[in-house]
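Undergrad: got a sequence here, can you build the structure:
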Amino acid sequence: MGAALRAAQDLVAEAGEGAETISTQRAEAERRALLTQLGADPSARSQPPAVRSHLRDLEVRQKRETRRQQHDSIDSALTDLASVYRDALMLATGAPVEPVNATEPEQIQRLARSLSPEGLLAALEAITLARGRLVANGAPLLVLEAMMVALVLPDRAGTRA
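TA: Reported below is the predicted structural model:
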């Protein structure tokens, strides 16, 4: 359980750092460009009230963009995770389809052996639910923690998801 919660925290932190790095690089350039467009001195310590208003609007937009980038990064990781569970489910049920993750066949086989097809399907449902909650602006850490707990704890039928 502890490892699952740490994994959720690590994923959120990694996605946040990546989004922050990209945003920080672009934020200063956008700020300078806006100040230049408004005829303000980019090197001045303070700006007139009308300029400050535009700067606040820019900061709000940049924060929204950073959050969206973090969500996109997490969603991409969840899509990758779902593809692993999908491959394991296809292997466990003997479906004649090519795996999406052909580079890690041992891990897919181990996952397929460790969970029943029902457990694999429940895991896919937990991942899909997490993606939906993220799209609905759920707090990324809480969304991922709930998903990780669902992937670790056995369900009522005794299968692990």
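
Undergrad: and residue 67, what does it touch?
TA: residue 19 (C-beta atoms under 8 Å, 6 or more residues apart in numbering). Bear in mind the C-beta positions are built from the backbone N, C-alpha and C, glycine included.

Undergrad: how close does it get to residue 130?
TA: Applying C-beta to C-beta, to the nearest Å, the value for residue 67 to residue 130 is 17 Å.

Undergrad: and if you look at residue 63?
TA: With distances taken as C-beta to C-beta, residue 63 is found 23 Å from residue 130.

Undergrad: between the two, which one's more packed in?
TA: residue 130 (27 against 12; other C-beta atoms under 10 Å).

Undergrad: state the helix or strand in which the more buried one lies.
TA: Element membership of residue 130 [criterion: DSSP states H and E] is helix 117-135.

Undergrad: low-confidence ranges in this protein?
TA: Confidence mapping of the chain against pLDDT under 70 gives the ranges 153-161.

Undergrad: show me where it has helices.
TA: 2-37, 49-93, 105-114, 117-135, 140-152 (DSSP state H).

Undergrad: ok, and for the helix holding residue 130, which residues are buried?
TA: Under the neighbour-count criterion of 16 or more other C-beta atoms under 10 Å, helix 117-135 has 117, 119-124, 126-127, 130-131, 133-134 buried.

Undergrad: now stretch 34-52
TA: Across stretch 34-52, burial judged by 16+ other C-beta under 10 Å covers 34-35, 40, 47, 51.

Undergrad: where's it relative to the chain centroid, distance-wise?
TA: Averaging C-alpha positions (C-alpha atoms, centre = their mean, to the nearest Å) puts stretch 34-52 35 Å from its chain's average.

Undergrad: got the end-to-end distance for that stretch?
TA: 11 Å (C-alpha to C-alpha, to the nearest Å).

Undergrad: distance of the spatially most central residue of the chain relative to residue 139?
TA: Nearest to the geometric centre of the chain sits residue 74, at 0.9 Å (C-alpha atoms, centre = their mean). Separation of residue 74 from residue 139 (C-beta to C-beta): 11 Å.
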